[in-house]
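Build me a model from this:
(chains A and B)
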Amino acid sequence: MILRPYDRTGEDLERLAEFTCSTGLPFEDAVGDWIRHAAVGWVDDAPRSTFQRRALALVEDNEGGLVAVAAWQDIVRVDVEGIWLEALAVAADHQHSGTGQRVYYLIVDRLIDDIDRVGNRVAGPMQLANKWSHTAGERHRVSSHRVPRFDVRR
Amino acid sequence: MLDVARLVRAGDLDVAAEVHNAAEKVATHRAAGFVADWIARHRDEEPDPLRLDADTGGALTRLGLLTASARAKFAGRLRVEIFAGRVIDVSGRVALVLDDQGRSLPIPMTGSPSTTRAGSLVVVDTERLDSAATTIWVRPAFDPDADPNARVPGSVRVLTGAEQQSLRQSAASAR
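Below you'll find the predicted structure:
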């Protein structure tokens, strides 16, 4: 699998607009909705996106198929430095085959080891009902900001 | 640096060195670079903190929060009275700050009124030097209980012009 930045000059706009990841759970619907409708605006929201080092990335398989989408930025509040993992979603047609776990570790390892950043925290919003994310997060040193409802941003 | 001077004056040199190091760290943070670049580009203008913060994508707020949080670690050693609250009214050259316990503190308006606009969250440091002199430092507030993983825009931030106007009207109608 390959993790690469979103390319606004190619087909990525269309692929993001058609991305689906939900199995029917409300927080999955919300993440998919955000990726389809708000992610591009979020990463292009200058100057905030420049200062906060927002990034939107795609994970592709060896055939170029879209496996997952991830978005992150600097944590920019209070006295904590690190990376905020805004979204991480595996495409609906790539779930339940161990792919989700591989994608998760691919992205979090990249955030922890390779990204230019200040501080060593990795954090992100995790829905109370998303047990998989909690387990993976605890195992992988990702702290969670648990939210009772995921706000859909447009 | 004001805190470093206070601590040196009080003979607390070890803590003064720690505070100085903390200030150095904040001054070299990447947010400071964004702020410095903006000021350099607008060197012929009176810096407007709201516009600076908006133009840099939140760098000034970030710097303010880092400074305040670093300073909070030394609060017990600085020998200043700290009052945190929201500016609820501005009348002439005096602003009224109200904390969440309902206590109020009138403060003189600073030379640059942007920090003490109605609705701003502020912290007021008061140091009595002797029986005749008092220093007051008013600065943007920092919430030590805030979610450390939260991101701007958050509850501790510089208000937009529209929000300030709305609060000003609310304060006026409450009188």
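
can you give me the helices in the chain?
As the question left the chain open, I've gone with chain A. A:12-17, A:26-37, A:39-43, A:48-51, A:99-113, A:131-139 (DSSP state H).

Chain B, not that one
Under DSSP H, chain B gives helices at B:2-9, B:13-27, B:30-41, B:49-55, B:59-72, B:161-174.

Out of the ones you listed, flag the one nearest A:C21.
Of all the helices of chain B, helix B:59-72 sits nearest to A:C21, with 31.5 Å by Cβ to Cβ. Every residue, glycine included, has its C-beta placed from N, CA and C.

Can you spell out which helices and strands pack onto the closest one?
Here helix B:59-72 touches helix B:13-27, helix B:30-41, helix B:49-55, strand B:134-140, going by 3 or more Cβ pairs under 8 Å, 6 or more residues apart in numbering or on different chains; DSSP states H and E.

okay, these, which one's buried deepest?
helix B:49-55 (a mean of 18; mean count of other Cβ atoms under 10 Å in any protein chain shown).

could you give the mean pLDDT of it?
Computed over helix B:49-55, the mean pLDDT rounds to 85.

I'd like to know which elements that helix is packed against.
With contacts defined as 3+ Cβ pairs under 8 Å, 6+ apart, helix B:49-55 has these neighbours: helix B:30-41, helix B:59-72.

Show me what counts as buried in the longest one.
What it means is helix B:59-72. Buried residues in helix B:59-72, counted by 16 or more other Cβ atoms under 10 Å in any protein chain shown: B:59-71.

Redo these as JSON lines? Include pLDDT.
Below are the buried residues of helix B:59-72 laid out as JSON lines (pLDDT from 0 to 100):
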{"residue": "B:A59", "pLDDT": "88"}
{"residue": "B:L60", "pLDDT": "85"}
{"residue": "B:T61", "pLDDT": "80"}
{"residue": "B:R62", "pLDDT": "84"}
{"residue": "B:L63", "pLDDT": "85"}
{"residue": "B:G64", "pLDDT": "80"}
{"residue": "B:L65", "pLDDT": "77"}
{"residue": "B:L66", "pLDDT": "81"}
{"residue": "B:T67", "pLDDT": "81"}
{"residue": "B:A68", "pLDDT": "76"}
{"residue": "B:S69", "pLDDT": "76"}
{"residue": "B:A70", "pLDDT": "81"}
{"residue": "B:R71", "pLDDT": "79"}
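
And the helices and strands packed on helix B:59-72: which comes nearest A:A123?
Nearest to A:A123 among the helices and strands packed on helix B:59-72 is helix B:30-41 (18.6 Å), distances taken as Cβ to Cβ.

Not counting the closest one itself, show me its contacts.
Helix B:30-41 is contacted from outside by A:51, A:118, B:26, B:47, B:52, B:55-57, B:59-60, B:62-63, B:66, using Cβ atoms under 8 Å, 6 or more residues apart in numbering or on different chains.

6 Å - rerun?
Helix B:30-41 is contacted from outside by A:F51, B:P47, B:L52, B:D55, B:T56, B:A59, B:L60, B:R62, B:L63, using Cβ atoms under 6 Å, 6 or more residues apart in numbering or on different chains.

and which of the residues you listed is nearest B:S91?
B:P47 (25.4 Å).

Find the nearest non-adjacent residue to the closest one, please.
B:I39 (5.9 Å; Cβ to Cβ, 6 or more residues apart in numbering or on different chains).

now the one you found: how far from chain A?
15 Å (Cβ to the nearest Cβ, to the nearest Å).

per-residue confidence for that residue?
pLDDT, read off for B:I39, is 94.

ok, now B:R93?
83.

Based on its surroundings, how many neighbours for the residue nearest to A:R121 when sequence neighbours are not counted?
Spatially, and ignoring its direct neighbours in sequence, A:R121 is nearest to A:G82 (2.9 Å; Cβ to Cβ, 6+ apart). Per other Cβ atoms under 10 Å in any protein chain shown, the neighbour tally for A:G82 reads 21.

May I see the helices and strands packed on helix B:49-55 organised as TSV, with distance to A:D44 added?
Output for the helices and strands packed on helix B:49-55, formatted as TSV (distance: least, Cβ to Cβ, whole Å):
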stretch	distance to A:D44
helix B:30-41	18
helix B:59-72	18
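
Out of those, which gets nearest to B:W137?
With respect to B:W137, and counting by Cβ to Cβ, the nearest of the helices and strands packed on helix B:49-55 is helix B:59-72 at 10.4 Å.
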